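**Q** Below is the sequence, then the predicted model.
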Amino acid sequence: MLIIKLFMENTTKVRAMNVSSPERLISLIAGGFLLLDSLLNRKMRRAKAVAGGYLLYRGISGNCAMYRLAGKESTLPTRNINLRTEMYIAKPRLEVYAMWRNLENLPLFMKHLDSVKEVYDNISEWKASIPGKLAPVGWRSVIVRDIPAEMISWRSLPDSMIENSGKIEFRDAENDFGTMVYTNISYRPPLGLMGNAIGEFFHPRLERIVLEDVYSFKQYAETGITKEASI
């Protein structure tokens, strides 16, 4: 057991584990059974020995080549990004709504967005990245509710690389001038496999970047300053 433990520790330093603990235990049991059967039974001896050896390696190392080829790089949990904000913007409500409703404006003040393109009436294609990461990720979103000057809500379409949803509400400020803006934005990794680009997208820095981007909307709405101009 000590030898197996040391081997597991050494192999996990090379690659992140992409096989869960229950799967590793099953692989160890099945691999041991196949190796023993290959010694006792001549039928398909070589195939059983190869399969048993691979299952033992899979169980000991926590690495599965087939999973890696499919894009599953790690069993480490990936955090959802859920942001709620509120801010005052010194502009009329209808004007603030119109700025956000033109979704292609969003990359003007959101640093994590490379582009947003409206491909149909209420469907848009988004591309995003975080600083230092060369591989962008993308998804398509649909506006599920649009009440002019009051609210916009959206969600990503099924099978998107990134699950994304959000809602932004616009209300008159108490001083009868300006607008209170309330946002609720979520990014979630898709169910199933996590590829390299998606894993990099959910870097811990992204939560802070998205939060800063939302508050950059105030500067853009009030002054017209874009993210390039503010660098």
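**A** Arrived safely, thanks for sending. Numbers count the residues shown, from 1 in each chain.

**Q** Just the helices from this structure, written as ranges.
**A** In order along the chain, the chain carries the following helices (DSSP state H): 2-14, 21-40, 45-61, 65-70, 93-101, 196-201, 205-223, 227-230.

**Q** ok, the residue nearest the centre of the chain to Asn164 distance?
**A** The centre of the chain sits closest to Pro189, judged by CA atoms, centre = their mean, with a distance of 3.8 Å. In this view, Pro189 and Asn164 are 11 Å apart by CB to CB, to the nearest Å. Using the backbone N, CA and C atoms, a C-beta is placed for each residue, glycine as well.

**Q** between the two, what contacts are shared?
**A** Contact criterion CB atoms under 8 Å, 6 or more residues apart in numbering; no residue bridges Pro189 and Asn164 by contacting each.

**Q** Okay, now the unreliable bits of this protein?
**A** Across the chain, residues meeting the criterion (pLDDT under 70) sit at 1-22, 62-79, 130-135, 190-204, 227-231.

**Q** Map the structural domains onto the sequence of it.
**A** 2-70, 81-230 (automatic domain parsing).

**Q** which residues sit in contact with Asn122?
**A** Residues touching Asn122, when contacts are defined by CB under 8 Å, 6+ apart, comprise Val142, Ile143, Asp146.

**Q** Most neighbours of all those, which one?
**A** For the contacts of Asn122, counting by other CB atoms under 10 Å, the largest number of neighbours falls to Ile143: 16 neighbours.

**Q** That residue touches Ser156, doesn't it?
**A** No - in this structure Ile143 lies outside contact range of Ser156 using CB atoms under 8 Å: 11.6 Å.

**Q** which residues does the closest residue to Arg140 other than its chain neighbours contact?
**A** What sits nearest to Arg140 in space, not counting adjacent residues and going by CB to CB, 6 or more residues apart in numbering, is Leu157, at 4.5 Å. For Leu157, the set of contacting residues under the criterion of CB under 8 Å, 6+ apart consists of Ile123, Trp139, Arg140, Ser141, Val142.

**Q** ok, so what distance separates Leu157 from Leu211?
**A** Following CB to CB, the distance that separates Leu157 from Leu211 is 25 Å.

**Q** can you check Leu83 too?
**A** 6 Å.

**Q** Quick check: Ser156 vs Glu174, distance?
**A** Distance of Ser156 to Glu174, given as CB to CB: 35 Å.
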